[in-house]
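> Predicted model, plus sequence, below.
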Amino acid sequence: MPSIISELVDSGRVRYIIKDFPLDNIHPEARAAAVAARCAGEQGAYWEMHNELFAGQSEWGGLGDGAATVFATMAKDLSLNSADFAACMKSGRYDAVIQANQDEGVTLGVNGTPAFFINGFPISGAQPYELFEYAVGLAEQGTLADAYVSADEDAAQAQAPPTGPVEVDTEGAYSIGDEDAPVVMVEFTDYQCPFCSRHFLETFPKIKADYIDTGKVRYVFLDFPLTSIHPQAQLAAEAARCAGDQGAYLQMHDVLFGRQDEWNGRDDAGQIFNGYARELGLNGDVFAGCLAEGKHTAAVQADLEHGIALGVDGTPAFFINGNFVSGAQPFEVFRGAIESLLGNPG
């Protein structure tokens, strides 16, 4: 949340509204905490109490009626009028509005917390800041609705995500690592996807150092361009393959992700890719011809269709020895999955 406040709210890009959704059956003190924040708000300290409640959650969570004493101490520490705060807590005057918030959330389909709506479009769960930045950017461009339409269309085409190992066809795909490695990790990627870029920059290097370079993992690259929201992604995937024709797939792959901000959203992305090819020492005319004639268009689309058939509906998506892992997960998630497959659980 600090990043959302500093980067999106304080900059004037976002107005942030908080509504209450206490899950009483598993968090019995949550409703009283919501009241405490509102009672502090009467004295101009809603946000201060909000922050204290989350920072000191371990001090009052699970205390039952005893949580009220902690809330009173927090109010005192915030230099609030203790008598007024205590009277407010006992008054019940916020019971109806908190319940109305919860009822509204249920009507909107909320069934857990945190839950967010950006210009009316839902985002569920404690997502990384990059997702909110991305969604706000789409909203500012007026294309946020398109992303949800695309997701709905993909979901309609896609199978349900697999719950067990599946067979992923990797014949002819680019890969790195020992061909006989005990673990095969397949990534379905979109070169214009910010989460794929984050995976490449933050997590992939650790996977490569610990598992690919040590012969434990063969890493396979498959394409999944979400062209309705990433219009240059298809061409970028073809650019990587055109570079691959000259033995430089991985080098182009790395450049495309490492310099994503240079070509993202650009109508002249093809010319930029031609420039990258020259920088990599490739035959520029051969590369440009490959890209212009769409030599690898069908192959990229075949990957996309294969992914949809497997249940992929977003990027990045991974299959580790056929086991599905969704999203730009932290390295620890991949390490746990790989070690388990290597016979080293825990």
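Great, that's in hand. From a predicted model like this one, the values you see are computed outputs, not experimental measurements.
> Tell me which helix or strand Leu256 sits in.
Taking DSSP states H and E as the definition, Leu256 sits inside helix 249-258.
> For Pro225, grab the count of nearby residues.
Using other CB atoms under 10 Å, Pro225 has 26 neighbouring residues. From N, CA and C alone the C-beta is placed, and that goes for glycine too.
> residue contacts, the residue of the chain most remote from its centre?
In the chain, counting by CA atoms, centre = their mean, Ala83 sits farthest out from the average C-alpha position, at 44.7 Å. If a contact means CB atoms under 8 Å, 6 or more residues apart in numbering, then Ala83 has no contacts.
> pretty sure it is in a helix, no?
Yes: according to DSSP: H, G, I helix; E, B strand; the rest coil, Ala83 belongs to a helix.
> how much space between it and Lys76?
With distances taken as CB to CB, to the nearest Å, Ala83 is found 11 Å from Lys76.
> Also Arg13?
From Arg13 across to Lys76, the span is 36 Å (CB to CB).
> cool, Gln57 as well?
Relative to Lys76, and taking CB to CB, Gln57 is found at 18 Å.
> again with Glu171
According to CB to CB, Glu171 stands 68 Å off from Lys76.
> re the thing from before, what distance separates the helix holding Leu256 from the centre of its chain?
Relative to its chain's centre, helix 249-258 lies at 21 Å (CA atoms, centre = their mean, to the nearest Å).
> Repeat that for stretch 260-269.
In terms of CA atoms, centre = their mean, the centre of stretch 260-269 is set 21 Å apart from its chain centre.
> Make 269 the first number, not 1, from now on.
Done: numbering now begins at 269, and the last item shifts to stretch 528-537.
> for it, which positions count as buried?
528, 531-532, 537 (16 or more other CB atoms under 10 Å).
> same check, this time on stretch 493-510
By 16+ other CB under 10 Å, the buried positions in stretch 493-510 come out as 493-495, 497-510.
> just stretch 569-578 next, same as before
By neighbour count with 16+ other CB under 10 Å, stretch 569-578 contains the buried residues 571-572, 574-576, 578.
> give me the low-pLDDT residue ranges for the stretch 369-518 of the chain?
415-431 (pLDDT under 70).
> can I assume Glu320 is in contact with Leu346?
Yes: between Glu320 and Leu346 there is a contact at 6.9 Å, judged by CB atoms under 8 Å.
> higher neighbour count, the two?
Just comparing Glu320 and Leu346: by other CB under 10 Å the higher neighbour count belongs to Glu320, 22 against 16.
> and that one, what is it in contact with?
When contacts are counted by CB under 8 Å, 6+ apart, Glu320 touches 342, 345-346.
> Endpoint to endpoint, stretch 466-485 covers what distance?
Using CA to CA, to the nearest Å, the end-to-end distance of stretch 466-485 comes out at 20 Å.
> Could you tell me which residues within that stretch count as buried?
Under the neighbour-count criterion of 16+ other CB under 10 Å, stretch 466-485 has 466-468, 471-472, 475, 478-480, 484-485 buried.
> now swap in stretch 592-601 and tell me
Applying 16+ other CB under 10 Å to stretch 592-601 flags 592, 596-597 as buried.
> likewise stretch 311-331?
311, 313, 316-321, 328.
> measure that stretch end to end?
End-to-end span of stretch 311-331 (CA to CA): 25 Å.
> I'd like the distance between the residue most central in space within the chain and Phe468.
Centre of the chain computed as the mean C-alpha position; nearest residue by CA atoms, centre = their mean is Leu399, 5.2 Å away. Counting by CB to CB, the gap from Leu399 to Phe468 is 17 Å.
> List the ones among the contacts of Glu320 that fall in helices.
Mapping these onto helices (DSSP state H) picks out 342, 345.
> Tabulate the contacts of Glu320 (TSV), appending pLDDT.
Putting those into TSV (pLDDT from 0 to 100) gives the following:
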residue	pLDDT
Met342	97
Asp345	97
Leu346	97
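> Now render the contacts of Glu320 as CSV, adding distance to Cys307.
Putting the contacts of Glu320 into CSV (distance: CB to CB, whole Å) gives the following:
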residue, distance to Cys307
Met342, 11
Asp345, 15
Leu346, 11
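> Closest one of the contacts of Glu320 to Glu607?
Met342 (42.5 Å; CB to CB).
> Let me know the distance separating the nearest residue to the closest one once chain neighbours are set aside from Val277.
Nearest residue to Met342, sequence neighbours excluded (CB to CB, 6 or more residues apart in numbering): Glu320, at 4.7 Å. Glu320 is 19 Å from Val277, where distance means CB to CB.
> For the closest residue to Asp292 other than its chain neighbours, list the residues it contacts.
Among residues not flanking Asp292 along the chain, Arg299 sits closest, at 6.0 Å (CB to CB, 6+ apart). By CB under 8 Å, 6+ apart, Arg299 lies in contact with 288, 290, 292, 366.
> Against Gln325, how distant is the third one?
Using CB to CB, we find Asp292 at a distance of 16 Å from Gln325.
> quick one: secondary structure of the nearest residue to Asp446 once chain neighbours are set aside?
The spatially closest residue to Asp446, leaving aside those adjacent along the chain, is Gly483, at 4.4 Å (CB to CB, 6+ apart). Secondary structure state of Gly483, per three-state DSSP, is coil.
> Out of the buried residues of stretch 592-601, which is nearest to Leu412?
Nearest to Leu412 out of those is Ala596 (CB to CB; 20.0 Å).
> how near is the closest one to Ala585?
For Ala596 relative to Ala585 (CB to CB), the value is 10 Å.
> Cool, thanks, signing off.
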